[in-house]
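Novice: Quick one, structure for this:
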Amino acid sequence: MKIKWNGKFNGDPESLPNRPHRPGAVKFKEIDDVKKLALFMNLASIPLVLLTIALTFLRGGTDVLGFGMSIGCILALLMLIPHEFLHAICFREKTYIYTYLEKGMLFVYGPEDLSKGRFIFLSLLPNLVFGFIPYLIFMLFPLPELNWLGMLGALSIPCGIGDYYNVFHSLTQMPKGAKTYMYGFNSWWYLPQ
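Specialist: Numbers count the residues shown, from 1 in each chain. Below is the predicted model:
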């Protein structure tokens, strides 16, 4: 595994390091246009962030406001790059990390073939580590000194909206034994011979 920081994405999916399509590959039924995808993901994350923050306030009360909230917000921003690195370490081959800040996105690109289980694991790993685990700890123990965990989780869970989108498509479209790979800004699946 080798991780390469490719920096700013130029907006052209054809510029990504693709391999040739596998025989019999089927494109996931998902949004094709990168700009429409970014808009959809950003809009879809709004209700999720409102829900997670509201639940944080319901559980922690007004104690959530203040220093702990500020630390949680700062940490959530600082975890955006480590989030992508956690995706990247799940690949065995070379992966690339891109920023697409004008569309509100960071992403990892790895053109290798993955099983459904591995694809789901790599999609969810950062969301578990930076989102659901801190959030669950705070929800179970809503102590003032853990407010930062509640806010870190509340903001990190919605940051994984694109990952949940990928998991949904892999669960609903990939048949048993299928492999998936990235090509352009879409995922494809095929049944190995």
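Novice: Show me where the protein has its helices.
Specialist: Assignment of helices within the chain using DSSP state H yields the ranges 34-60, 67-78, 80-88, 116-127, 133-140, 147-159, 161-173.
Novice: Find the least confident helix or strand in this structure, judged by mean pLDDT.
Specialist: Among the helical and strand segments of the chain, the one scoring lowest on mean pLDDT, DSSP states H and E is helix 67-78, with a mean of 89.
Novice: what's that one in contact with?
Specialist: Helix 67-78 has contacts (Cβ atoms under 8 Å, 6 or more residues apart in numbering) with 130, 144-156, 159. All C-beta atoms are positioned from the backbone trio N, CA, C, and that covers glycine.
Novice: on that earlier part again, which of the helices of the chain is buried the deepest?
Specialist: Highest mean neighbour count among the helices of the chain (mean count of other Cβ atoms under 10 Å): helix 147-159, with a mean of 25.
Novice: Can you report the mean pLDDT over the residues of that one?
Specialist: The average of the pLDDT scores along helix 147-159 is 94.
Novice: so it versus helix 67-78, what angle?
Specialist: Angle of helix 147-159 versus helix 67-78, following axes from the mean of the first three to the mean of the last three Cα atoms, to 10 degrees, is 30 degrees.
Novice: I am finished for the moment; much appreciated.
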